[in-house]
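S.K.: quick check, what structure comes out for this input:
(2 chains)
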Amino acid sequence: DGGITQSPKYLFRKEGQNVTLSCEQNLNHDAMYWYRQDPGQGLRLIYYSQIVNDFQKGDIAEGYSVSREKKESFPLTVTSAQKNPTAFYLCASLPDRTYGYTFGSGTRLTVV
Amino acid sequence: ILNVEQSPQSLHVQEGDSTNFTCSFPSSNFYALHWYRWETAKSPEALFVMTLNGDEKKKGRISATLNTKEGYSYLYIKGSQPEDSATYLCAFRAGGTSYGKLTFGQGTILTVHP
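M.R.: Reported below is the predicted structural model:
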């Protein structure tokens, strides 16, 4: 079955460490997105990519980095510069205008 | 940053009740309005993508309407069932070079009691 796989499901990070969240899709979608959820807030866009080797900052990109070397993969690195990284992270892809996003199951990141 | 508001924040209903939620979004530069259902421990699932003023969409007991001129959309659930318990998200997509970016509301948490 086609879909988006996010791993790991839970991730614990020590202060000062970089961590990378994986997002892989087999839907052949060009566009991919990373969102962050905090309690009581809507999903907020971190980064997005329309095509391979191209990506753009979203509303809250500071302290994050991404790459898009393959169509199927859009990993998100949470760097030590991200001041409040504890959150739930969702990856999504979009085929075209008439469809909604397909989401992964998310990664919950906790800083310890 | 665009402002998308959903109300109410949470809702408790009895099985069999009908209910509705509201999503408010900017009335200018509209491209599309999305509705998602997000059940606990699952991925958000797309319900509707609405693009035209006056659009009405239906999926089983769930329907949605769209008013782009005044910037609101309603989601209706007829005869709520416990399995309808979820967070319902709306998301606004602006026109122009939005590249599919969505601005989400904070969601409405629906709990349907048996």
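
S.K.: which residues touch the residue of chain B found nearest chain A?
M.R.: The nearest approach of chain B to chain A comes at B:Ala46, 2.7 Å away (C-beta to the nearest C-beta). (C-beta placed from N, C-alpha, C; glycine too.) Shown in contact with B:Ala46 (C-beta atoms under 8 Å, 6 or more residues apart in numbering or on different chains): A:99-102, B:34-36.

S.K.: so how far is stretch B:11-27 from its chain's centroid?
M.R.: 8 Å (C-alpha atoms, centre = their mean, to the nearest Å).

S.K.: where does pLDDT dip in chain A?
M.R.: Confidence mapping of chain A against pLDDT under 70 gives the ranges A:1, A:97.

S.K.: ok so, going back, ok, and the most crowded of the contacts of B:Ala46?
M.R.: In terms of neighbours by other C-beta atoms under 10 Å in any protein chain shown, those top out with A:Tyr101 at 27 neighbours.

S.K.: what does it show for phi and psi?
M.R.: In this entry, A:Tyr101 is assigned phi and psi values of phi -70, psi 150 (degrees, to the nearest 10).

S.K.: can you add distance to A:Asn18 and secondary structure and give the contacts of B:Ala46 back as a markdown table?
M.R.: As requested, the contacts of B:Ala46 are exported to a markdown table (distance: C-beta to C-beta, whole Å; DSSP: H, G, I helix; E, B strand; the rest coil):
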| residue | distance to A:Asn18 | secondary structure |
| --- | --- | --- |
| A:Tyr99 | 34 | coil |
| A:Gly100 | 32 | coil |
| A:Tyr101 | 27 | coil |
| A:Thr102 | 27 | strand |
| B:His34 | 32 | strand |
| B:Trp35 | 36 | strand |
| B:Tyr36 | 30 | strand |
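
S.K.: identify the farthest-apart pair in these.
M.R.: By the measure C-beta to C-beta, the contacts of B:Ala46 have their two most distant members at A:Thr102 and B:Trp35, which lie 14.8 Å apart.

S.K.: does the one helix or strand B:Thr22 maps to reach chain A?
M.R.: Per DSSP states H and E, B:Thr22 falls inside strand B:19-24. No. Taking C-beta under 8 Å from any C-beta of the partner chain as the criterion, strand B:19-24 and chain A are apart, separated by no less than 10.9 Å.
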